[in-house]
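S.K.: model this:
(3 chains)
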Amino acid sequence: MILSLALVALVAVPLLAALLAVVVPRRGALIALLGVAGIATALVVLVPALVRQGVLSLSIGGWNAPLGITLRLDGLGLAFLSMVATVMAAVLVSARPQFAARAGSGETRSQWAFWPLALLLWSALNVAFLSRDLFNLYVALELLTVAAVALVAIEGKAGSLAAGLRYMMFALAGSLAYLLGVALLYAGHGTLDLTLLAAQGIGSGRSGGTAAADLIAAGLITAGLAVKTALFPFHAWLPPAHSGAPAPASAMLSALVPKASFLILIRLWFEALPELASPVLLTLLGALGAAAVLFGSVLALRQSRLKLIVAYSTVAQIGYLFLVFPLAGGDSFAQPWAAGAWTGAVFQALSHGLAKAAMFLCAGVWIIAVGHDRLDGMRGLATATPMTAFAFALAAVSLVGLPPSGGFTAKYLMLTSAFASGQVVWGAVLVVGGLLSAAYLYRPLALAFAKADTPTFAPVSRRLQLVPLLLALAAITLGLASQTPFSLIQIGRPASAVEGLE
Amino acid sequence: MITSATIFGLCGAALIGLGLYGFVTQVHLLRRLLAFNVIGSGIFLLFGATAARTPTGATDPVPQALIITGIVVALAATALGVGLVLAYVRISGKACLPEDADTIDGGPHPSSHEDPPE
Amino acid sequence: MNAALPVLLLLTSLVAATATFFLPQESHRLRNLLNLGGAVLKLGLIAFMLIQVVQGTIYETRLEFAPGLYLLLRVDALSLLFVSLSAFLWLLTTIYAIAYLGNKPDLSRFFGFFSLCVAATTGIALSGTLISFFIFFELLTLSTWPLVVHKQDAKSIAAGRSYLTYALPASALLLIAIVWLESTVGPVEFAMPADLRQLDDTSLRIIFALFIAGLGAKAALVPLHGWLPAAMAAPAPVSALLHAVAVVKAGAFGVMRIVLDVFGLDLMAELGLALPLALLASVTILWGSARALQQTEIKKRLAFSTVSQVSYIVLGIALASPFAVIGGLAHLVHQGLMKITLFFCAGIFDERAGITRVDQLDGIGARMPWASVCFSLGAIGMVGLPPTAGFITKIYLGIGAVQAGAPWVIAVLAASTLLNAAYFLPLVYRIWFLEPGAAITAGDAPTERPLGLIAPAVITAFASVAVGLLAAATFSPLGWATLIAEREYLR
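M.R.: Numbering: from 1, shown residues only, chains lettered A, B, ... in the order given. Modelled structure (predicted):
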């Protein structure tokens, strides 16, 4: 009973908090903190239960799939839920100075709108991590998109409105592709539940429907999700959208939002349609990922604004995630673990979330200190805000994939799979990508470290500086103590994560 | 004989094609939103046609439930889109994205990564 | 208890580092206490373990990261050789740095990263697996960067950039080598040599080359040495750290581990890798010496001298004969003692008399007698005159070369010795036998005080002579190297 309640709470608490924040003005920050507390409690209840009992599921109202809505918590979902909860807690705490209504003055529109939107975003993410039904996931994605677009445009300036609209156009196109794929899949198989689809063995010749129709459907869904994940070449919307939003919103957009569509993508292929994948398709996805790594990194090198660098870095880091498709199953018998590449990709998603949020929050601190985020204004910031510079450096360590960090664990696992399965090209992409990210992250760091001639920075509160440091430390800890998350992620792991697709 | 389901399916496909054409060729943001809705309607029609898939002739109720949900979701997205377009037009005086501006008035191509003012 | 000791050894530096970061600039006493206390504690632990390890004890600690990805800390004779060197020099360099930096800004940052560097070096020395080694190796790279750019001026930032430009691609190569190897043979532990024969010869050769390239950038093997002279922009204690305590040594130590513990001397010979490695080391020795001769700045000359001297270690390992291996192992310590003496003194010359160029050294012997004596002892040792430490190394390497059937190495050693003499002895001559130049006579007599500045140099200078004179003792570097070689590698 308590477990069911906790599962529902993961979705309901942020949703109710969002509604509450709409109707109760000037109390958004407080309501958001209550939401954090609620989610944290639910997670604390669920983790031991998951470890003890394995995968937990709940059919809402007693209706089973395909008619009812099922929430299912496995290790993968829990890992993402916890990462999102950590990042959201940090973001909501650091958003207070900017978006909490001040006593004595009226509440601006963005101050009012931020809290419900952030909470709505959170709720949509949690639904995406817990749902097993492709249509349910569609609703979650749409909710996510609406909240994210609104957050991009929250300041109401021409630039951010344009970025939001561009994002919306891409996202809507992605949604339509996804929806069309879902309709075709339903037409062929009469169900949209991931578990039931898997039971039909689609692609193995045992199932009904033609292989071509299945491939088109899966391709449309994949394309739609790739657009929403900002996979190269559908990434054009991401940098202006993520860099145009206020820093706490950027942190959520860059660190969390692409993860929902990515998670659905790996659930779709690894859990529902493992036998449909063909080598060509896997290579294509891997190649797009590799192109994203290289292209995003090179573009990041050429930016002159910090937030754009960090945003292009997201384009590159998302590329790594897609290497899981060709690499999965490349385990060596010499290694004492299984599903190396699959687990590595999950680690990459988790550590990128933590480190990227830390980075955007650092950028937020520096924008307060300097007044803008152009690189030339960054001289002397390391002396003025040492904690933030340290946080940025730690986050960079994780993004580059240097040990010990979550990023390193991810890179090591994926690299080992690449070599064990003889796919050295993908390994080279991982290594070169790491070096390129070191190059583009080095520029702001070295500038921050340089001496300033006339340093005049606005003071930034210590609490605002501490939050990104904690997040960056979490990204490092993910590597130092990767044993626990590693075994958690394996709960409910699909067989194809070990055997690979094809 | 062509069943009614096939006709619905074909109509849906035609709508999707029309909408896609509009979505790609039009730069006016409101037209794009409309095109999005046309595609959406096409997909819903197609989805509805699949409800007739059971051999007994009974209608599968699931797609209908999904379509209704989908329409609500599309409505919400469209509402947000229209709101954003209106706000954008009010501020910039244009109804198309900066990178598409030159296709209408032939003006200089502004950077697609234009800095929003801090 | 035995499992706790390696962790304690690591924590002495790590705790000092972490705590130092949070200290305000003014709390000099607490900061000095933390860093010196940590160093003394560490030396105590090492002394205890030295005695235990002679009797055959092995300390081991295992920390799991993920299945198969674990940190293994293992104290054996070879790791103790490196750890005792770095701990001893850490203590002295800390004393020196306290006096050298005085009340300059950002002291907490400096000492924090300084201790972190030493912690990383300790980790490198104690690493029992390739992955543990790699993790600490990267930690060392990262914690050294803030020290190199410590002055925060354009020159330092450029030096830091150059450092990372070499270090990060090199570590990428190292990672590829490790992953390539481990994806076939599983996690590699140094104490339990894996059966590398599961890989074909060509792959093994490429992997070896990747290892050497990855480690060679730190060990400043030609042509990967360019960052080292550039890094001279950093304050003198940092140079000491780079050249003697941590960075360059970590690279050389890594080569030892790879050759001795991962590949093994036999496999290296079978694959025909010994000769190319010996040639690479020889080229580095001669090239470094030749370039040192061209330098007019004292610190640059010393830097190129390091390039040359560290390769003696690699040369000894590559020759793979008993005497050569022992000579190479011992030179790890010998070079550290001599080179740190030279850097301490160069720092004193610069800080107290403004001397940075060779021609400014004229007649400084009379003004700064202690520093000059120490500098001369270090220089003589580097040339390899008896009875200094450098002499012992060269003799062992020479005999080893004959044992290994590679007499051409003797020619390399002779040429190098001549070059060493050519770039070091003129300095000694200038210090003692030329009339003081205008730069020195003009101002007040330069002073070698405070004691913290000169005492470390005196101690290391005499230590470098002592290890030569007392080379036959068990706990001398040579004695210890013999113990390592006999116990582990030359059975």
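S.K.: quick one: mean pLDDT for the strand or helix carrying A:Ile367?
M.R.: Per DSSP states H and E: A:Ile367 is located in helix A:340-370. Mean pLDDT, taken over the full extent of helix A:340-370, equals 93.
S.K.: per-residue pLDDT, C:Ala39?
M.R.: 91.
S.K.: contacting residues for it?
M.R.: The neighbours of C:Ala39, taking Cβ atoms under 8 Å, 6 or more residues apart in numbering or on different chains as the test, are C:12, C:16, C:87, C:90-91, C:94. Every C-beta, even on glycine, is put in place using the N, C-alpha and C of the backbone.
S.K.: now the strands for the chain?
M.R.: Going with chain A. A:56-59, A:70-73 (DSSP state E).
S.K.: to clarify, I was referring to chain C.
M.R.: Using DSSP E, the strands of chain C run over C:59-66, C:69-75.
S.K.: poorly predicted segments of the stretch 201-350 of chain A, please.
M.R.: Flagging of the stretch 201-350 of chain A using pLDDT under 70 yields the residue ranges A:205-209, A:331-334, A:336.
S.K.: in it, which residue sits closest to chain B?
M.R.: For the stretch 201-350 of chain A, the nearest residue to chain B under the criterion Cβ to the nearest Cβ is A:Gly244, separated by 4.5 Å.
S.K.: tally up the residues packed near whichever residue of the stretch 251-400 of chain A sits closest to chain B, please.
M.R.: Using Cβ to the nearest Cβ, the single residue of the stretch 251-400 of chain A nearest to chain B is A:His372, 4.8 Å away. The local packing count at A:His372 equals 15, with neighbours defined by other Cβ atoms under 10 Å in any protein chain shown.
S.K.: now do the phi/psi pair for it.
M.R.: Comment: the main-chain dihedrals of A:His372 come out as phi -150, psi 180, following degrees, to the nearest 10.
S.K.: confidence-wise, which of the strands of chain A is weakest overall?
M.R.: Of all the strands of chain A, mean pLDDT reaches its minimum on strand A:56-59 (a mean of 87).
S.K.: run the chain-centre distance for that strand.
M.R.: 24 Å (Cα atoms, centre = their mean, to the nearest Å).
S.K.: is chain B contacted by the helix holding A:Ile367?
M.R.: Yes - judged by Cβ under 8 Å from any Cβ of the partner chain, helix A:340-370 and chain B are in contact via A:Ile367.
S.K.: point me to the residue of the stretch 51-200 of chain A nearest chain B.
M.R.: Proximity of the stretch 51-200 of chain A to chain B (Cβ to the nearest Cβ) peaks at A:Gly159, 2.6 Å away.
S.K.: how far away is C:Gly384 from chain A?
M.R.: C:Gly384 sits 39 Å away from chain A when distances are taken as Cβ to the nearest Cβ, to the nearest Å.
S.K.: test my guess that that residue contacts C:Tyr396.
M.R.: No - under the criterion of Cβ atoms under 8 Å, C:Gly384 lies out of contact with C:Tyr396, with a separation of 11.1 Å.
S.K.: so what's A:Ala339 closest to, chain neighbours aside?
M.R.: Of all residues beyond its chain neighbours, the one nearest A:Ala339 is A:Ala497 (4.2 Å), with distances taken as Cβ to Cβ, 6 or more residues apart in numbering or on different chains.
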